[in-house]
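*Asks:* Everything below, folded, please.
(2 chains)
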Amino acid sequence: MTQEQVVETADFIARYLSHMLGAGVHTSRVVRNSKRIGTALGVDVSIHTSQKTATLTVKSGQLMNTRVLDIPAFPISFEWNADLSALSWAAYDRKMPLKEIEAKFDELISKPRMNPVFVLLMVSLANASFCRLFGGDVWAMLVTFTATMIGFFTRQHLTRRKVNHYIVFIISAFVASLCASTALTLGIDSAEIALATSVLYLVPGVPLINGIIDITDGHIQIGISRLVNALMLIVCIAIGMSATLMLVKDSLL
Amino acid sequence: MEAFWNSIAAYNAATWPFQLALVVIAAVLTLILRFRPSVWARNAMKILMVTFSLWIAFVYYLGFCGERDYSFVMIIFWCMVAAAWIYDLVTGFSSFSKSQGRYRFWGVLMLLLPLVYPLLSVARGLTFPEITTPMLPSGVALYMLGVLMAFNRKINFFAFIFVVHWALIAISKIVLFSIPEDILLAAACLPAMAIFFRQAAEKADPEGRKPSRLMMNILIFMVVLLIAVCMVIPNV
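*Replies:* This is a model prediction of the structure:
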């Protein structure tokens, strides 16, 4: 293997791991998959990850290439997670050459994205279902449905405008819970369930789960970073919801 | 329920000349926007929407609904509706261009529906001032929906989903507070949801996103159908 080939391999693995980390895949899987591709291509891969950057070394005998790369903030994608993991196995099992792996990778990451209106409707339906699971009646579900829709649309709109995502979380939680609080005017028993469930779409489930998995897998540093990030988002939800509760009920309980 | 109708009666008795004036202004402005559209007419319509929202918040809810539980929640809600229109006014988002084809019919129908509110109340045997009017929250929401439908080339989606939220609250009031007049808003909201969500989905789909347009249309239809079922079944 020549130095040029090592650099080309490092180029690809850098793209691969930045896409996986950016799409919310937990660290040990990213490391495992990247190493698997490295093995398929005949190189050793070493990776160090942090919240915003990763350091990658690709080594073949005495030849070596090391780089530090930024982790882009892609939307969380379980599809990329599954597809790109399958790609690493395909590369390993079929001993695919680099060009073929790259072509397949480009094909997978350029698949069409979800329609934002589809996501809007599904998230609203999911929150309405949560409301039902927690004991809400049909009116509370309807209010939760539209309150979530308003909150999530606000989130989509502000995110498109590149507003800081902590501020986006605070505003979205405030708007959704305030709209859900209109259920209180109906005098229904489950109005408070509507209020509580209207912000569930904001709960950062993936960073929380990834944080725990990373810590249990020994990636303590990035695990704690992810948990702190998730905690900050939860605090933002709490701030938004507290603002509504103080306005509407004059207390936090 | 008594507090509900008492507040409507007090509001109508005290403000009917202003209500009438606002309805006339809305009618004139709608006709101007329809037959002589211009930048100032579009901005005037947005200012009218802000005025209507703030009227409902501060005149109706703050002035006459103090007896009702959590009436201040509605003040905040209608201020948020006003904020959505102010945002539109500042960013110039809605073009208020005339709708095409079949949507025009729905738009005209929805614009006229608020005027049916008092007729329905009278038909139910109610007498002034204890009747519903176009300048009550549901009438105003219906008018907003009508304007969005009649001039729907590029709509204020924020304002639309606020109106949908209000309409779903209105659906519950049909059963919980015995206000059958609100069937008008609920019934108008369903086709509006189908049309506007379809438009939004198509607009967000320039490069063939997932799922396919057919699947999106089916999903939107199912959601609207689900809400319609909730209107029919009072409790689950």
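
*Asks:* and stretch A:195-215, how far from the chain's centre?
*Replies:* Its chain's average C-alpha position is 10 Å from that of stretch A:195-215, according to CA atoms, centre = their mean, to the nearest Å.

*Asks:* same deal with stretch A:99-116?
*Replies:* With CA atoms, centre = their mean as the basis, stretch A:99-116 stands 18 Å off its chain's centre.

*Asks:* Sort out which residues of stretch A:134-148 are buried, please.
*Replies:* Residues of stretch A:134-148 classed as buried by neighbour count (16 or more other CB atoms under 10 Å in any protein chain shown): A:134, A:136-148. In this view, the C-beta of every residue, glycine as well, is placed from N, C-alpha and C.

*Asks:* whoops, I mixed them up, stretch B:125-142
*Replies:* B:126, B:129, B:131-142.

*Asks:* repeat for stretch A:246-253
*Replies:* Of all the residues in stretch A:246-253, those buried under the rule 16+ other CB under 10 Å are A:Val248.

*Asks:* Contacts for that stretch next, please.
*Replies:* Identification of contacts with stretch A:246-253 by CB atoms under 8 Å, 6 or more residues apart in numbering or on different chains yields A:Leu178, A:Ser181, A:Leu184, A:Ser242, A:Leu245, B:Tyr70, B:Phe72, B:Val73, B:Ile76.

*Asks:* With stretch B:64-80 instead?
*Replies:* With CB under 8 Å, 6+ apart, stretch B:64-80 has contacts from A:175, A:178-179, A:181-182, A:184-185, A:187, A:247-248, B:3-4, B:6-8, B:10-11, B:14, B:53-54, B:56-58, B:61-62, B:137, B:162, B:166.

*Asks:* Kindly recompute the last result at 6 Å.
*Replies:* Residues outside stretch B:64-80 that contact it (CB atoms under 6 Å, 6 or more residues apart in numbering or on different chains): A:181-182, A:184-185, A:248, B:3, B:7, B:10-11, B:53, B:56-57, B:61-62.

*Asks:* Would you mind writing the CA trace of that stretch as CSV?
*Replies:* Only the C-alpha atoms of stretch B:64-80 are listed here, as CSV (Å, rounded to 0.1, in the frame of the first residue of the first chain):
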residue,chain,number,x,y,z
PHE,B,64,-65.9,40.3,29.8
CYS,B,65,-64.7,36.8,30.6
GLY,B,66,-63.1,37.4,34.0
GLU,B,67,-65.6,35.1,35.7
ARG,B,68,-64.5,32.1,33.6
ASP,B,69,-61.7,29.8,34.9
TYR,B,70,-58.3,30.4,33.3
SER,B,71,-59.7,33.1,31.0
PHE,B,72,-56.2,34.7,31.0
VAL,B,73,-54.8,31.6,29.2
MET,B,74,-57.0,32.7,26.3
ILE,B,75,-55.7,36.2,26.5
ILE,B,76,-52.1,34.9,26.1
PHE,B,77,-53.2,32.5,23.4
TRP,B,78,-54.8,35.3,21.3
CYS,B,79,-51.8,37.5,21.9
MET,B,80,-49.8,34.6,20.3
